[in-house]
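# test case, fold it:
(chains A and B, ligands or ions: 2)
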Amino acid sequence: MKDYEEYFRTNRLPHIWCPGCGNGIVMKSIAKAIAKLDLDQDKTVIVSGIGCSSRASGYMDFDTLHTAHGRAIPFATGVKLANPELNVIVITGDGDCTAIGGNHFIHGARRNIDLTVVLFNNNIYGMTGGQASPLTPTSKKATTAPYGVVDRPFDPCQLAQAAGATYIARGTAFHAAQLPDLIAKGIQNKGFSLIEAITPCPISYGRRNKLGDSPAMLKLMSESAVPLTAYGKLAPEQQEGKFPIGVLHESHFGEYSKEYSHVIERAEGGQK
Amino acid sequence: MSQPKLMQGNEACALGALAAGVRFFGGYPITPSTEIAEQLAEQLPKVGGTFIQMEDEIASMAVILGASLAGKKVLTATSGPGFSLKQELIGYAAIAEIPCVIANVQRVGPSTGQPTSPAQGDVMQARWGTHGDHPMIALSPWTVRESFDVAVKAVNYAERFRTPVIILLDEVVGHMREKVVLPADNEIEIYSRRQPTKSREEGYQPFTPEADLVPNPADFGTGYRIHVTGLVHDDTGFPSGSPKITEQCIKRLHEKIDCVKDEITHYDEFFMEDAEIAVVTYGGTARTAYAAVEEARAQGKKVGMIRLMTIWPFADKVIKQAAAKCKALLVPEMNYGQLVMEIERAAAGQTKVVSMPKYNTEIFTPNEISGAIDQLLSEVAK
Ligand SMILES: Cc1ncc(C[n+]2csc(CCOP(=O)(O)OP(=O)(O)O)c2C)c(N)n1
Ligand code: SF4
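Numbers count the residues shown, from 1 in each chain, chains lettered A, B, ... in the order given. Ligands and ions are numbered 1, 2, ... in the order given. A predicted model of the protein is given here:
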């Protein structure tokens, strides 16, 4: 097994992220998951969208593709279908994945194409300086919601499940020991996998919402995140302000590139 | 040579792309382009290729770019509104130098417009539709057989220059059925993108240009571990904020196409030797124009015609020459007057350039163009 550090382009570091940003923890968790599974470094592709989190692709030593805002999943779909032997991992932010890329997200899940999507959820548009995203909780403040967000956030895990994803997990930057395992299981799943990684953005989100510095935000995560089984045992009023972590959903359905290979076999054999 | 067949321009375009080696298509249905997708949904898996219907045109563009980076020759096809949606990622393909072909079967716009009547209203959008400075190649066939040939050329140019190439069909050519004889496989010249010739240890950088100003970024999965981004980047492929690198990057993108401009600018000249006036035309409109010009010649009138296959880069040279010797250029187009602006620019005041726009959903009739020719002849005789 390689050391996870071998998966970084060290000549591209230091990264652009702010002090206290959680993105590094999530990126490291992806590298650790890859190390754990001993994936072939030359047959693994990292595809990202646009945002602070999506800059991670540039630091990772694989074939890497930094696409356009919201479009990582369809680009990754093309990579996977063109060469199904590649392991394809998608890095995306909450705005990237569920606002501008929301349609691609549900359709990727519906197809059950073998992509492992790691959603860096910092509840805000970090890169553009703190605008509200579809995952900003109601009444929290953002530069474009100075009086607090009016609408409700998505639960991206429920969204992915309803759309057909076959592996769904949630972790946090605080639970840094668990996150690599959740990601590794997602990579092992032959189908569309979502790992929502909740991560602190102290600069564009924490500060405006008086959540304190990065350690304070991580502490809040440790208090709000509850393992799934324990969460299920809580009374509804105890669940208030808390969220479940761990593997949330697993199911089986034909994987798209595999299913399409059967189409090719039939067509090449002259059948419909 | 194969047996003669009756087919549509759209079908010929799909078959041309297949013959050129396209093995990946992503698209979203829209009339009048849908037959291209339908053909390829049927044909691609027969040759081990992949067809996928995506959730929209943006995703269709993204999926072909991903597939191209993983080594496939790729195509998407669309019309009007779908062409607008593809624009951001056409720019991505330009800056990240990803070979890809976009077939746009033009229809009346803007917006949903007048579905799905013929138009040639996307000529300027093909050139400038995506934001920022970028080169563009766009080819417009005028026959069903040429739809096949143009598709082959488009794929070859995309691969060779690592750039998006647009096939500007119009509804007339896309849906017209003609008897065609397609070339045999061994008569078709095919170009596939270059592969790296050096290893990383030998100093390979994915975006270092060769003598033709085209770089050789390795296909994904071949062990080079390259980085591809839509940000301005240096030869390593990684983003750079430097003004100097930015200038070099944008300049090279343009120059790699500028330096082959003559080679890739295709056009036909008819009766131009002694022409007093010339009709400058392209696509489906050129069919009607040819009938009018032929008739004018039969009547002894000194009328010629220039038919442009390459719309972008623009055929400045031939227009400039024609402007120097003709008393007027007549430009019929199924739009409010688009390519005529380029023709005026190239003519640079040397001759009179007359726009003949038509944008009411109906195609030109030979009589209309004959009438315009006669009027122009009488004006220049004065
Ligand atoms: C088409 C398009 N629209 C808008 C932008 C501007 N933009 C860049 S990043 C971003 C939001 C990123 O937020 P998120 O996806 O949550 O990622 P984060 O920066 O928080 O990691 C936006 C709106 C863009 N680059 N492209
Ligand atoms: S703005 Fe937020 S998400 Fe972006 S680097 Fe800074 S802390 Fe991280």
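# mind listing the strands the biggest strand by length in chain B pairs with, and their directions?
Of all the elements of type strand in chain B, the one with the most residues (DSSP state E) is strand B:100-108. Strand B:100-108 has its sheet partners listed here by DSSP bridges as strand B:73-78 (parallel), strand B:114-118 (antiparallel), strand B:164-170 (parallel).
# now do the buried residues in the helix or strand following the last one.
Reading on from strand B:164-170 to the C-terminus, the next helix or strand found by DSSP states H and E is helix B:171-175. Of the residues in helix B:171-175, B:171, B:172, B:173, B:174, B:175 count as buried by neighbour count, 16 or more other C-beta atoms under 10 Å in any protein chain shown. The C-beta positions use only the backbone N, C-alpha and C, and glycine is treated the same way.
# so can I have JSON lines of the residues you listed showing pLDDT and distance to ligand 2?
Listed next are those as JSON lines, based on pLDDT from 0 to 100; distance: C-beta to the nearest ligand atom, whole Å:
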{"residue": "B:171", "pLDDT": "93", "distance to ligand 2": "47"}
{"residue": "B:172", "pLDDT": "95", "distance to ligand 2": "51"}
{"residue": "B:173", "pLDDT": "96", "distance to ligand 2": "50"}
{"residue": "B:174", "pLDDT": "96", "distance to ligand 2": "47"}
{"residue": "B:175", "pLDDT": "96", "distance to ligand 2": "50"}
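# average pLDDT for the longest strand of chain B?
The average of the pLDDT scores along strand B:100-108 is 97.
# likewise stretch B:272-288?
Taken as a whole, stretch B:272-288 has an average pLDDT of 98.
# tell me the SS of the residue of the stretch 1-150 of chain A found nearest chain B?
The minimum distance from the stretch 1-150 of chain A to chain B, using C-beta to the nearest C-beta, falls at residue A:78 (2.5 Å). On the three-state scheme (DSSP: H, G, I helix; E, B strand; the rest coil), residue A:78 is labelled helix.
# was I right to think it contacts residue B:65?
Yes: here residue A:78 reaches residue B:65: they are 6.4 Å apart, a contact under C-beta atoms under 8 Å.
# which neighbours do those two share?
Common neighbours of residue A:78 and residue B:65 are listed as residue B:74 (criterion: C-beta atoms under 8 Å, 6 or more residues apart in numbering or on different chains).
# switch the strands paired with strand B:100-108 over to TSV; also include mean neighbour count and distance to ligand 1.
Formatted as TSV, the strands paired with strand B:100-108 follow (neighbours: other C-beta atoms under 10 Å in any protein chain shown; distance: least, C-beta to the nearest ligand atom, whole Å):
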stretch	mean neighbour count	distance to ligand 1
strand B:73-78	30	19
strand B:114-118	18	27
strand B:164-170	29	18
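# where in the chain is pLDDT low?
Let's take chain A. For chain A, no stretch is flagged by pLDDT under 70.
# sorry, should have said chain B
B:1.
# backbone phi and psi for the residue of it found nearest ligand 1, please?
In chain B, the residue that lies nearest ligand 1 is residue B:88 (6.3 Å; C-beta to the nearest ligand atom). Backbone geometry at residue B:88, expressed as degrees, to the nearest 10, gives phi -60, psi -40.
# neighbours around the closest residue to it other than its chain neighbours, how many?
Leaving out its chain neighbours, the residue that sits closest to residue B:88 by C-beta to C-beta, 6 or more residues apart in numbering or on different chains is residue A:68, at 6.0 Å. Using other C-beta atoms under 10 Å in any protein chain shown, residue A:68 has 25 neighbouring residues.
# can you give me the offset of stretch A:201-208 from its chain's centre?
Chain-centre distance of stretch A:201-208: 20 Å, with C-alpha atoms, centre = their mean, to the nearest Å.
# and the end-to-end length of it?
End-to-end distance for stretch A:201-208, by C-alpha to C-alpha, to the nearest Å: 11 Å.
# equivalent analysis for stretch A:196-205, please.
18 Å.
# same question, stretch A:66-73
Note: stretch A:66-73 ends 11 Å apart using C-alpha to C-alpha.
# where do the helices of the stretch 1-150 of chain A begin and end?
Assigned by DSSP state H, counting those that start in this stretch, the helices in the stretch 1-150 of chain A fall at A:23-37, A:72-82, A:94-95, A:102-111.
# export stretch B:153-170 to PDB, keeping only CA atoms.
Output of stretch B:153-170 as PDB, limited to C-alpha atoms (Å, rounded to 0.1, in the frame of the first residue of the first chain):
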ATOM      1  CA  LYS B 153     -13.200  17.000 -42.500                       C
ATOM      2  CA  ALA B 154     -14.600  18.300 -39.200                       C
ATOM      3  CA  VAL B 155     -13.500  15.300 -37.300                       C
ATOM      4  CA  ASN B 156     -10.100  15.400 -38.900                       C
ATOM      5  CA  TYR B 157      -9.600  19.100 -38.100                       C
ATOM      6  CA  ALA B 158     -10.800  18.700 -34.500                       C
ATOM      7  CA  GLU B 159      -8.300  15.900 -34.000                       C
ATOM      8  CA  ARG B 160      -5.500  17.600 -35.800                       C
ATOM      9  CA  PHE B 161      -5.800  21.100 -34.300                       C
ATOM     10  CA  ARG B 162      -7.300  20.000 -31.000                       C
ATOM     11  CA  THR B 163     -10.200  22.500 -31.200                       C
ATOM     12  CA  PRO B 164     -14.000  22.500 -31.400                       C
ATOM     13  CA  VAL B 165     -15.200  22.300 -35.000                       C
ATOM     14  CA  ILE B 166     -18.800  23.300 -35.900                       C
ATOM     15  CA  ILE B 167     -20.800  21.700 -38.800                       C
ATOM     16  CA  LEU B 168     -23.200  24.400 -39.800                       C
ATOM     17  CA  LEU B 169     -26.000  22.500 -41.500                       C
ATOM     18  CA  ASP B 170     -29.300  24.200 -42.300                       C
END
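# and the stretch 151-300 of chain B, which of its residues are near chain A?
Selection of the stretch 151-300 of chain B residues close to chain A by C-beta under 8 Å from any C-beta of the partner chain yields B:220-231, B:238-239.
# in ChimeraX, select just the buried ones from these.
Buried residues among these (16+ other C-beta under 10 Å), as a ChimeraX selection:
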select /B:220,221,222,224,225,226,227,228,229,230,231,238,239
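# so which of the residues of the stretch 151-300 of chain B next to chain A belong to helices?
Among these, no member falls in helices (DSSP state H).
# distance between the ends of stretch A:172-192?
Its first and final residues considered, stretch A:172-192 spans 20 Å by C-alpha to C-alpha.
# for it, which positions count as buried?
In terms of neighbour count (16+ other C-beta under 10 Å), stretch A:172-192 has its buried residues at A:172-176, A:178-187, A:189-192.
# and what of stretch A:36-53?
For stretch A:36-53, a neighbour-count test (16+ other C-beta under 10 Å) marks A:36-37, A:39, A:41, A:43-53 as buried.
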